[in-house]
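Colleague: Sharing a sequence plus its predicted fold:
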Amino acid sequence: MRALHAEWTKVRTSPGTVWLLLALGLVIVAVGAIAAAGVGCAAPGCPVDTARISLTGVQVGQAVVAILAVLAMGGEYSNGLIRTTLTALPRRWDVLVAKAAVVVVLVAVTGAVAVPATAAVGRFILTDRGMLRLGEDSLPRAMLGSVLYLLLIAVLSLGVAAATRDSATAIGVVLGLLYVLPIVAQAVDDPEWQERLLRLAPMSAGLSIQATTDLDSLPIGPWPGLGVLAAWAMAAIAIGGGVLLRRDA
């Protein structure tokens, strides 16, 4: 409890936290609305997953989550506060778990508001334009999965920050994993290897949870895809925890 209280106090009193959470919510809703407004096909033959289109903001908002989580750990290394933290709380694993818990709760609350909001805005825009709403039965799973996706991105980012011990490096690594790997996969000529890379890349695999139509055409199913991202997150937090336990602050 001491570790949780300490980490909550740090995050709560940091002026950047509120702004990042507000930015996360606004980005998710705004980008989702823009994406919905930009869909260029109409009922009844629209081939796109309009529910997934409404949740497009999650792909951009994850960068804000990554920055928030990285700064929760990397910021202490940059200003030297990590030495004070580990002196006051010598059980290092407790510190990492407490940081993860606080960041996950903040992201969960923000995501639980922003994700349904962007889905509602997208539905309103698409319905107002007379467009077919596809995959309505799977929309609750897509919304819940989007929130879980953001939580796993937070855990992944925190683990990378603990491992690298530098905010700029950690942000670069996380954003590279999320955005660069799918681009590399698309550049591969061999369809079999392209599919393998898309199934293993944390963003392309994890965001399959948003799909509500044509699930058979996905490189990986919605829940298995989210499981791939969970594996990345658990590996990152395990490696970060190992570095935190073994290396001097």
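Modeller: Received the coordinates, thanks.

Colleague: And D49, what's its pLDDT?
Modeller: Predicted confidence (pLDDT) at D49: the value is 81.

Colleague: Check which helix or strand V18 maps to.
Modeller: helix 15-37 (DSSP states H and E).

Colleague: Tell me which helix or strand comes right after the worst-scoring helix or strand of the chain on mean pLDDT.
Modeller: Least confident element among the helices and strands of the chain, by mean pLDDT, DSSP states H and E: helix 81-88 (a mean of 78). Where DSSP H and E defines the elements, the next helix or strand beyond helix 81-88 is helix 92-128.

Colleague: Mind listing what's buried along that next one?
Modeller: By 16 or more other C-beta atoms under 10 Å, the buried positions in helix 92-128 come out as 92, 94-100, 102-104, 106-107, 110-111, 113-119, 121-123, 125-126. The C-beta positions use only the backbone N, C-alpha and C, and glycine is treated the same way.

Colleague: And for stretch 187-201?
Modeller: Going by neighbour count (16+ other C-beta under 10 Å), the buried part of stretch 187-201 is Q194, L197, L198, R199, L200, A201.

Colleague: Where does pLDDT dip in the chain?
Modeller: The chain contains residues with pLDDT under 70 at 40-47, 128-137, 249.

Colleague: try 80 this time
Modeller: By pLDDT under 80, the weakly predicted segments of the chain are 1-3, 5-6, 15, 39-48, 50, 79-81, 84-90, 126-137, 247-249.

Colleague: now, among the buried residues of stretch 187-201, which is nearest to R83?
Modeller: A201 (36.3 Å; C-beta to C-beta).

Colleague: Grab the nearest non-local neighbour of that closest one.
Modeller: Sequence neighbours aside, L181 is the residue nearest to A201 in space, at 3.9 Å (criterion: C-beta to C-beta, 6 or more residues apart in numbering).

Colleague: residue contacts, the one you found?
Modeller: L197, L200, A201, P202, M203, S204 (C-beta atoms under 8 Å, 6 or more residues apart in numbering).

Colleague: From the buried residues of stretch 187-201, pick the one nearest S14.
Modeller: Looking across the buried residues of stretch 187-201 and measuring by C-beta to C-beta, the closest to S14 is A201, at 31.3 Å.

Colleague: Quick check: that closest one touching I183?
Modeller: No - in this structure, A201 is not within contact of I183 by C-beta atoms under 8 Å, at 9.4 Å.

Colleague: what helix or strand does L148 sit in?
Modeller: Going by DSSP H and E, L148 is in helix 139-164.

Colleague: Show me what the next helix or strand after that helix packs onto, helices and strands only.
Modeller: Where DSSP H and E defines the elements, the next helix or strand beyond helix 139-164 is helix 167-175. In terms of contacts (3 or more C-beta pairs under 8 Å, 6 or more residues apart in numbering; DSSP states H and E), helix 167-175 is packed against helix 57-79, helix 139-164.

Colleague: Redo those as CSV? Include distance to P219.
Modeller: Output for these, formatted as CSV (distance: least, C-beta to C-beta, whole Å):
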stretch, distance to P219
helix 57-79, 16
helix 139-164, 16
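
Colleague: Tabulate these in a markdown table, adding columns for distance to P15 and mean neighbour count.
Modeller: Listed next are the helices and strands packed on helix 167-175 as a markdown table, based on distance: least, C-beta to C-beta, whole Å; neighbours: other C-beta atoms under 10 Å:
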| stretch | distance to P15 | mean neighbour count |
| --- | --- | --- |
| helix 57-79 | 12 | 23 |
| helix 139-164 | 19 | 24 |
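
Colleague: Having no further points to raise, I will conclude here.
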